[in-house]
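for reference, the sequence and a predicted model appear below.
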Amino acid sequence: MPHFHVRPHLHIHLRLGYPYRGSRPISAAGWLAMKVLFLAHLFPLPLDSGGKIKSYYTLKTLAKEHQVHTLAYVRREQERGLVDELKAICAGVDVVPLSRSALRRISDAVSGLLSRRSFIVSRDFRREMQEAVTRIVRDLRPDAIHIDHLQMAQFVDFSLPGKRVLDNHNVESLIVKRVAETSTSPLTRLYASIEWPKLARYELDACRKCDIVLTVSEEDAETLRAMDGSLGNVRTVPIGVDVEYFRPVERNRSSRNILSIGTMYWPPNVDAMLYFHREILPIIRERFPDCTLTIAGQGPAKAVTSLAADSAVKVTGYVEDVREIARNCGVFVVPLRSGSGVRVKILNALAMGLPVVSTSIGAEGLDVKDRQHLLIADSPQEFAEAVSKLFQDSELACRLGRNGRRLACEKYSWDVVGERLLRIYETELGSGGSPQ
């Protein structure tokens, strides 16, 4: 299937307000702007998952100072309809369709067992994307390629001139390694134990080839350095939160509703909800038999929707405005046992002033302190006790909410995070040269 192409307007930088110095546009800050090809594994709109939120605001930040051309996979027709909205902040937009049929997933999984290549990477190779990258690099001659998600590195020719930035939303191999350690399915554990070393080899190879490797937390940065002590190109830029959109909500303080929000087809989130319902919720019910559980987020897996057979559990699917359901949140829970990176949902919850209980893995990568910004608990008994404590102590719940909101504003607003990203581009990629 041919890719869907949206041509940028002629002299796009005049439309966006960029002056020129010779053939190079000058940014709003007075630097020579770079031509950046932004390779996105996820089309950044709509903002319905943590990964897309991070991609969108990263792209928006770069486009403030640089000429950014986006090339992204699209998975749904809804995303195609939002191309014009993305064009408003980009110099150009191209998209390539990515479909994953059940038959193809099985075929890719079997091929992954028989190959030295990582299944997580190779399943998303499409000839149309490779052709689109080759064409745009030839025509645009970008100064830098921003590789958004590890899977997109397979389309980059590292022998060509230009800078390369690998933007890691997670340490991908660590996610799969943790699945191998925690999954309740023996078959899943076996497959993950075969997959994660392959993925780790690919991940390190991509890191070594890039000029800059971005991680969302110091924990992820240290994980990569522990995998290869020679990596000196790793820099941390946290995920941010829109603190103007996610303002403190007028919450029902007497609510006994437990809320969890996330992309509910992502395996770590699926595991978290099954684990919570099976091992933690029954303990909470012993003390609060009237408590309920609301699971919100797009594309819930069948295993998650089946939890709604319990009359105390509501599975909503995608929610247009999570601020509304946050009003009836007694406690926001993040019972993750696997994963990597930073949980956008925790940042959103903190910005809304919600009381949060998370596992250590769930809170990983965030500059949060137990009992100051949220409660951290790892065993089922400890987690249940933490939720129960917040049900009982409304003052503690409110104090955590206030502290969490303050932290979100001071350290994780997109304005603060964006400045950090732009500084890296200016100081380490050579975009900070004076036009004079």
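Perfect, thanks for sending it.

what sits against the residue nearest to residue 82 when sequence neighbours are not counted?
Excluding the flanking residues, the one nearest residue 82 by CB to CB, 6 or more residues apart in numbering is residue 45, at 4.2 Å. Every residue, glycine included, has its C-beta placed from N, CA and C. Residues near residue 45 by CB atoms under 8 Å, 6 or more residues apart in numbering: 52, 56, 79, 82, 85-86.

same question for residue 183.
Residue 183 is in contact with 189, 192, 271, 338, counting by CB under 8 Å, 6+ apart.

once you drop chain neighbours, what's closest to the last one?
Yep, that's residue 338 we're talking about. Computed as CB to CB, 6+ apart, the closest residue to residue 338 that is not its neighbour in sequence is residue 178, at 3.6 Å.

the one you found - how many residues pack around it?
Neighbour count of residue 178, defined by other CB atoms under 10 Å: 20.

tell me which element it falls in.
Using DSSP states H and E, the element containing residue 178 is helix 172-182.

tell me which residues are up against that helix.
With CB under 8 Å, 6+ apart, helix 172-182 has contacts from 120, 150, 188-189, 192-193, 195-197, 199-200, 203, 220, 223, 267-268, 271, 337-340, 361.

which of these are buried?
120, 150, 192, 195-196, 199-200, 203, 220, 223, 267-268, 271, 337-340, 361 (16 or more other CB atoms under 10 Å).

list the ones among the residues you listed that fall in helices.
Among these, the members falling in helices (DSSP state H) are 120, 192, 195-196, 199-200, 203, 220, 223, 267-268, 271.

for these, which one is nearest residue 356?
Using CB to CB, residue 268 comes nearest to residue 356 of those, at 17.2 Å.

the closest one contacts residue 335, doesn't it?
No. Counting by CB atoms under 8 Å, residue 268 stays clear of residue 335, with 10.3 Å between them.

for stretch 97-112, buried residues please.
97-98, 108, 112.

would you turn these into TSV with pLDDT and secondary structure?
Shown next, in TSV, are the buried residues of stretch 97-112 (pLDDT from 0 to 100; DSSP: H, G, I helix; E, B strand; the rest coil):
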residue	pLDDT	secondary structure
97	97	strand
98	95	coil
108	76	helix
112	74	helix
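
most widely separated two among those?
Pairwise distances across those (CB to CB) peak at 22.0 Å, for the pair 97 and 112.

so the residue nearest to residue 82 lies in a strand, does it not?
No. Read with DSSP: H, G, I helix; E, B strand; the rest coil, residue 45 is coil and lies in no strand.

where's it relative to residue 88, distance?
To residue 88, residue 45 is 11 Å away according to CB to CB, to the nearest Å.

what ranges do the helices span in the stretch 1-150 of the chain?
12-16, 50-65, 77-80, 83-87, 102-114, 119-122, 127-140 (DSSP state H, counting those that start in this stretch).

out of the ones you listed, nearest to residue 304?
Across those, closest to residue 304 is helix 50-65 (CB to CB), at 16.8 Å.

then the closest one to PDB, C-alphas only?
Coordinates of the C-alpha atoms in helix 50-65 are reproduced here as PDB (Å, rounded to 0.1, in the frame of the first residue of the first chain):
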ATOM      1  CA  GLY A  50       1.700   8.400  27.400                       C
ATOM      2  CA  GLY A  51       3.900   7.700  24.400                       C
ATOM      3  CA  LYS A  52       2.000   9.900  22.100                       C
ATOM      4  CA  ILE A  53       1.900  12.700  24.600                       C
ATOM      5  CA  LYS A  54       5.600  12.600  25.000                       C
ATOM      6  CA  SER A  55       6.200  12.500  21.200                       C
ATOM      7  CA  TYR A  56       3.800  15.400  20.500                       C
ATOM      8  CA  TYR A  57       5.400  17.700  23.100                       C
ATOM      9  CA  THR A  58       8.900  16.800  22.000                       C
ATOM     10  CA  LEU A  59       8.000  17.500  18.400                       C
ATOM     11  CA  LYS A  60       6.300  20.800  19.400                       C
ATOM     12  CA  THR A  61       9.300  21.900  21.400                       C
ATOM     13  CA  LEU A  62      11.800  21.100  18.600                       C
ATOM     14  CA  ALA A  63       9.500  22.900  16.100                       C
ATOM     15  CA  LYS A  64       9.800  26.100  18.100                       C
ATOM     16  CA  GLU A  65      13.400  26.500  17.100                       C
END
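
for that helix, what is the distance to the chain centroid?
How far helix 50-65 lies from its chain's middle: 11 Å, per CA atoms, centre = their mean, to the nearest Å.
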